Structure formats: C-alpha cells, structure tokens
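Novice: kindly generate the corresponding structure for this input.
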Amino acid sequence: MSLVILRVLAVVALIFLLWNPASSRLLPAGDQPLVLLDASLSMTGQPWQAALDSARRFARGARSAVVWRFGRHVSALDTTPPADGASRLGPALEAAAGRAGEVIVLTDGNVDDVVGIPADLLRRPRVIVQPRALFFDAYVASVEGARHVTRGDTVRLRVSYGTMGKREGGRGAGTATLVVSVGGRPLATQAITLPDSGVLETSITLPASSVPSPGWQVLEVSLDGVDDAEPRDDTREFVIDVSLEPAAVILASPPDWEARFLARALSDVARVPVKMFVETEPGRWRDAGTLQPVQTADLTRAAAGARLVVATGDPGRARPFTAASRNALLLWPTNGQSGDWYVERPASSPLTAALSGVQWDSLPPATAVAISPRDSGSAGTIALTARLARRGAPRPIVTLEQRNGRRIALVTAGGLWRWAFRGGASEEAYRSVVAALADWLLGDRSAGIRERALPIALETPNGLPVVWRWTATDSARKVAVTLRSKDTTRVDTLRFDPGGRAELSLPPGIYRYALSGGTEQGVIAVETYSDEWLPRAPALTAQPGEATARLASVGLRDRWWLFVIALAALATEWALRRRQGLP
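Specialist: Numbering: from 1, shown residues only. The predicted model follows:
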C-alpha cells in the first residue's frame, strides 16, 4: 500500500510540474519613490527650474525620494544646468523596472525614444510635464557638400532650412538671407523665402578661392534677418579642406556607378581632394562636378600633377593622359564576363592586414570580372580573387605591381559599388578595400589613411559627444588628444571600447586637434545648434501612472519544494522495492 501511495504522490507532483499553474502575490510598494528628471537642453530655463523644484520637494518628502537625471544616459542627481543634446527615457525606465516603488518622470514632453519604449514600461510611471512656452523659430536644419576641394573648384553647399511655430500676427511667407562666412568674414549670401512650416532646401555656390587660406576651414551658414525667439539654431557649421592641387584624379569612360561610389569613398577614407572627369561622348571629356568641357591639355596636366590617377570603365580611353604621369595608377575596368562572382578571403599580400576584419561571406557578388589588360604584367601580387558562382578556378580581381618605381593596382571586378549601396557592414568592407588600395598606392605620401583614429563626424550638435573611430589595423588603445580653441588649450584622453569607438564631450566651439605620438591632426566643430532647441510638439503627455503595489504571477515550477516532493517520493519507492526484492 505504501508503494502505491508513493507512486501516486510522485505522479501528481510531476503532473503539477508539467501543468505549471500560477498563483499571484502582492509586491510591496517600497519606501522610496524614484524621480526621473529630464536633463536635456530643451529643459533649459523655466522648465528646468520648475522640474528641479518639484524633484527637491519629492526628495524632502515623507518618503525621501531618490532622484536620477536622464538625457543621453542615466546618472545621479546634480543641480548643474541641463546639457544633453538628446532625451532618452527608455534606459531610465528599464533601470527603474527592478524597483517596486513609485516612479515619477519630470519632463517637458520632448522625449526622443517614446516610440521604442515597451508599453508596459511606459504605462507605469507618473508623468509630470513642465511644458515650454510656444514660440516661432526659424532654423538651419543641415548643410551638406564636398568635404575636400581645390583652390580652383566651386564649393556647392546644399542647405536645408525651415520654421516651426506660429508667427505673431498670423501666418504668411517671410524673407531671410543665408550667409556663408569664415571667422566672421562673409563669403556669399543668398535671399530665401521662409516656409509657413516645414523644411526647404537650396544650393549656395562660391569659389573655393574665396576661402581666406588653404587647409582645414570651418564655414558658418547662418540665417540673417529673421526675428525668432531662438537664435541658437540659426547657424550650422561645415568643415572643409581646401588644397592647392587635387591629390587624386579619376578618369571615367564611360561614367558609371562604380566611378561615382569610388570617388566618394576615396575622398572620405584618404581625406584628400578628388577630381573626376568623365567621357560623355567619344573624345569629349567633362568635369564631373560642373559638366563643363575639359581640354586634352588640362586632363594631361591634372593627371601629371596628381599623386594618384584612377582610370575606370575602359582604362584604355584614358591612356593618352596617364602615360606621361609617373605617379601611382589604379586601373579599374568594369566590363567583363558577367555572372555572380563571389570574392574570396585575401591571400598573403600588402593588403591582407587592412582587410582582416571584412566578413567576405556576407558580401554581395561582383557582377562581372574582366580579363587582365596589357597594362598589368605577370609579375604582380594577387591580393583578391573571386569565383564564378563559388565554383571553378579563382580569378584574380585585385593585383598589385611595382613597375619602374611606380605603383600600379589593377581591379578587374565590376559591381563592387553595390557593397557601398547596401550600407552597414558591406559599406565598411567597400571602404576598407578602397582605403587599403589608396594606402598602398600612395605609400608614405598618403594623407589621412594612415591615421590611427578619426572623428566620425567633423561637426557635432550641441550636447552630443564627438565620436572617434579607431582606424589602424592594430588593437585600439587609449590616446591623448590636444584640443586648441581660440586662446584655450585642453588635453583629454580617448578611451576606445571593444568596438573601436570613443566619445569626447566638448562645449560649443571650433577645435584644432592633434593626437599624441603621431601626425594626426585636423579640425572639429561643436555647434550651438541642437534639435532640442526646436519647438517640437511634446511626445509624452501627463499621466497618473499605475498603482505602485502590483501583483506578481509565480508558477509552481518556481517553488523548489515541489521538486523535492517528486524526487523524495520516487527515491523512497525505489528503496522500498529494493528492500522487498521487487523489480
């Protein structure tokens, strides 16, 4: 009889474990409420003072609340004015999820990540909104253009500008002037019509020769003649490099996507001015930027003066201009045997170290591979190969050669621009290949591509950190950086994370930086502009929040004693059976 009882007890326990019914219990409310104080720039002024006073009242209350600041990240309370250029509530609510007490959010409602916060987290806090006063604001949204130009080029800037809020006296179009200046010296002006609301775009052109001096300069694009309540977003900055001569010349015949993406990537990774000429009709070459006709003598002179000459499409069309040049040469024919050519991992070559981080299996295939032209001899070093549909013999697609003291690289794969078009890891792989080729071709004369670390963006909005990326082939390590701005000099340390990124927070200003132990130097600009200044509609509204005492569901599998009962019953039954000689 005892054996039957033990068997029934074990089976019942196992059934309950498989079924796993849940029971509920009441979680305690906790003694200390948690106050989350918005410390983004949009809280500056009266909203910050009102929110700070409310936080102090909660902290001095009967239950002595704990106060955290949130903006770009979550931190303990301090009473310094808000300085973050973003307002992210999600991380603060996730950190508060482990507390059972009441959560109170003090904000102006301009929260950036409301859409991405889970609904259960967003329902819980009590939200108190300190709204900003309504006002009319005109602003410069963005400035884009070529980063590297020569003294003979024309600088073309794409400027986006817009308005928010309602003007006093009703609606209607207003006029203003966009002014481009360097160090307070106006270079160009353009009259514009402000929209009722939203963003418009215009182009401003000016000769690069009007920039006072070559090298890195900061162009200021500002709105003039606008009577708005927020002047700190009326100016944007754009860092530009003005050189006397182009360091690289691209001759594209015919012009195609390969040449276009190559020009942009080469300018970015090598940080040198790139000039591109295209053959639009047989024997007729044009400047790719202006589409103005270019004479043969000008093409020959440009190729002879450049440190790197690139011939794409049909390289033979550019041979009359490249023959006299003794500098580095990159030949990139794009017509060949079509198909899906998958690039394989690099063999031992001067490019192997620079391409070690590329995930080759995740890249889209090249669309064609050309047969090596006569420009490439058989003594070259094969750096990359590709197989058609991953089968058959590998065919060289990147070959390196030194001929009479001149470095020549041959790329025979077409369609690699699709790597850059996809973005993400594929774009980084394309940039790595272009950077490795430029580094080898230019050798000791390269500018920028041997740098250990670079700022990802040369212009950073107010309240956001300047982000640096480790670009050297060795492991990232901390580097001291010296920053000079007007009459002040400061020294900081860049500490890179495992992903090769480092952040440095700086007040608004123009800084000339130099890294210790190397030749890296340049200019970065921290703007007074911030998205936080814009009079946006609040994304978060006031709410009472959920009750602080909550029910928690606990399954039977979370009860340890049920496992003990099942195991004890089975073990006791087995022991009794052994004692009685039963199977």
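
Novice: for the longest strand seen in the chain, packing partners?
Specialist: Across the chain, the longest stretch assigned as strand under DSSP state E is strand 391-403. Counting contacts by 3 or more Cβ pairs under 8 Å, 6 or more residues apart in numbering; DSSP states H and E, strand 391-403 is packed against strand 337-343, strand 366-369, strand 381-388, strand 406-411, helix 424-442. In short, each C-beta sits where N, CA and C put it, glycine included.

Novice: okay, buried residues for the longest one please.
Specialist: Neighbour-count burial for helix 424-442, with 16 or more other Cβ atoms under 10 Å as criterion, is recorded at 426, 429-442.

Novice: try the fourth one
Specialist: The neighbour-count check on strand 406-411 (16+ other Cβ under 10 Å) flags Arg407, Ile408, Ala409, Leu410, Val411 as buried.

Novice: please name the bridge partners of the third one.
Specialist: This means Ala409. Residues in a beta bridge with Ala409, per DSSP bridges, are Leu330, Leu400.

Novice: residues in contact with the longest helix along the chain?
Specialist: If you go by DSSP state H, the chain has its longest helix at helix 560-580. In this structure, residues lying in contact with helix 560-580 by Cβ atoms under 8 Å, 6 or more residues apart in numbering are Ser2, Leu3, Leu6, Arg7, Leu9, Ala10, Ala13, Leu14, Phe16, Leu17, Leu556, Pro583.

Novice: contacts only, for the second one.
Specialist: For Leu3, the set of contacting residues under the criterion of Cβ under 8 Å, 6+ apart consists of Glu573, Leu576, Arg577, Leu582.

Novice: ChimeraX command for the buried members of those residues?
Specialist: Selecting only the buried members of the contacts of Leu3 in ChimeraX, with burial defined as 16+ other Cβ under 10 Å, works like this:
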select :573
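
Novice: verify the stated contact: Arg132 with Asp108.
Specialist: Yes: Arg132 lies in contact with Asp108 (Cβ atoms under 8 Å); the separation is 5.3 Å.

Novice: who has more neighbours, the two?
Specialist: In terms of neighbours (other Cβ atoms under 10 Å), Asp108 is the more surrounded of Arg132 and Asp108; the figures are 24 against 18.

Novice: the more buried one reaches Leu41, doesn't it?
Specialist: No: applying Cβ under 8 Å, one finds Asp108 not in contact with Leu41, separated by 10.5 Å.

Novice: follow-up on the earlier one: could I get the contacts of Leu3 as CSV with distance to Arg99 and pLDDT?
Specialist: Converted to CSV, the contacts of Leu3 look like this (distance: Cβ to Cβ, whole Å; pLDDT from 0 to 100):
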residue, distance to Arg99, pLDDT
Glu573, 46, 79
Leu576, 50, 78
Arg577, 52, 78
Leu582, 56, 72
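
Novice: before we move on, back to that, closest one of the buried residues of helix 424-442 to Ala303?
Specialist: Looking at those and their distance to Ala303, the nearest is Leu441, at 14.3 Å (Cβ to Cβ).

Novice: list the contacts for the closest one?
Specialist: Leu308, Ala328, Leu329, Leu330, Arg407, Ala409.

Novice: so which of these is the closest to Lys478?
Specialist: Leu308 (32.9 Å).

Novice: burial of the closest one, as a residue count?
Specialist: 27.

Novice: over to Ser142?
Specialist: Every residue meeting other Cβ under 10 Å relative to Ser142 is counted, giving 15.

Novice: which non-adjacent residue is nearest it?
Specialist: Ser160 (4.6 Å; Cβ to Cβ, 6 or more residues apart in numbering).

Novice: now the one you found, what are its backbone angles?
Specialist: Main-chain dihedrals, Ser160, degrees, to the nearest 10: phi -100, psi 130.

Novice: surely it meets Gly198?
Specialist: No: between Ser160 and Gly198 there is no contact under Cβ under 8 Å: 10.3 Å.

Novice: have a look at these two and say which one is more surrounded.
Specialist: Ser160 (15 against 9).

Novice: look at that one and report its pLDDT.
Specialist: Looking at Ser160, its pLDDT reads 96.

Novice: and it, how far from Pro293?
Specialist: Ser160 is 32 Å from Pro293, where distance means Cβ to Cβ, to the nearest Å.

Novice: state the phi and psi torsions of Ala303.
Specialist: Torsion angles, degrees, to the nearest 10, at Ala303: phi -70, psi -40.

Novice: for Asp241, see how far away Gly405 is.
Specialist: From Gly405 over to Asp241 (counting by Cβ to Cβ), the distance is 29 Å.

Novice: which one's more surrounded, the two?
Specialist: When Gly405 and Asp241 are compared for neighbours, Asp241 comes out ahead with 22 against 6, by other Cβ under 10 Å.

Novice: setting aside sequence neighbours, what's the nearest residue to that one?
Specialist: Nearest to Asp241 is His148, by Cβ to Cβ, 6+ apart, at 4.7 Å.

Novice: so what's Ala408 up against?
Specialist: To be clear, residue 408 is Ile; Ala isn't right here. So Ile408 contacts Ala328, Leu329, Leu330, Leu331, Asp375, Ser376, Gly380, Leu400, Glu401, Gln402 (Cβ under 8 Å, 6+ apart).

Novice: out of the residues you listed, who's nearest Ala542?
Specialist: For the contacts of Ile408, the nearest to Ala542 is Leu330 (61.3 Å; Cβ to Cβ).

Novice: how deep is the residue nearest to Gly183 when sequence neighbours are not counted tucked in, by neighbour count?
Specialist: Nearest in space to Gly183, with sequence neighbours left out and distances taken as Cβ to Cβ, 6+ apart, is Pro212 at 7.4 Å. By other Cβ under 10 Å, 11 other residues sit near Pro212.

Novice: what's the distance between Pro212 and Val278?
Specialist: Taken as Cβ to Cβ, the span from Pro212 to Val278 is 32 Å.

Novice: ditto for Leu37
Specialist: 57 Å.

Novice: tell me where this protein has helices.
Specialist: 2-19, 46-59, 90-96, 119-123, 257-270, 296-305, 319-322, 417-422, 424-442, 560-580.

Novice: and of these, who's closest to Trp360?
Specialist: When those are compared (using Cβ to Cβ), the closest one is helix 424-442, at 7.8 Å.

Novice: the closest one: how far from the chain's middle?
Specialist: 17 Å (Cα atoms, centre = their mean, to the nearest Å).

Novice: quick one, that helix and strand 391-403 angle?
Specialist: 30 degrees (axes from the mean of the first three to the mean of the last three Cα atoms, to 10 degrees).

Novice: just the C-alphas of helix 424-442, formatted as CSV.
Specialist: The C-alpha coordinates for helix 424-442 follow below in CSV (Å, rounded to 0.1, in the frame of the first residue of the first chain):
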residue,chain,number,x,y,z
GLY,A,424,26.2,48.7,-42.9
ALA,A,425,29.0,46.1,-42.9
SER,A,426,29.0,45.9,-46.7
GLU,A,427,29.7,49.6,-47.0
GLU,A,428,32.5,49.3,-44.4
ALA,A,429,34.0,46.4,-46.5
TYR,A,430,34.0,48.6,-49.6
ARG,A,431,35.6,51.5,-47.8
SER,A,432,38.2,49.1,-46.4
VAL,A,433,39.1,47.9,-49.9
VAL,A,434,39.4,51.4,-51.2
ALA,A,435,41.4,52.6,-48.2
ALA,A,436,43.8,49.6,-48.5
LEU,A,437,44.3,50.3,-52.2
ALA,A,438,44.9,54.0,-51.6
ASP,A,439,47.2,53.3,-48.7
TRP,A,440,49.4,51.0,-50.7
LEU,A,441,49.3,53.2,-53.9
LEU,A,442,50.2,56.4,-52.1
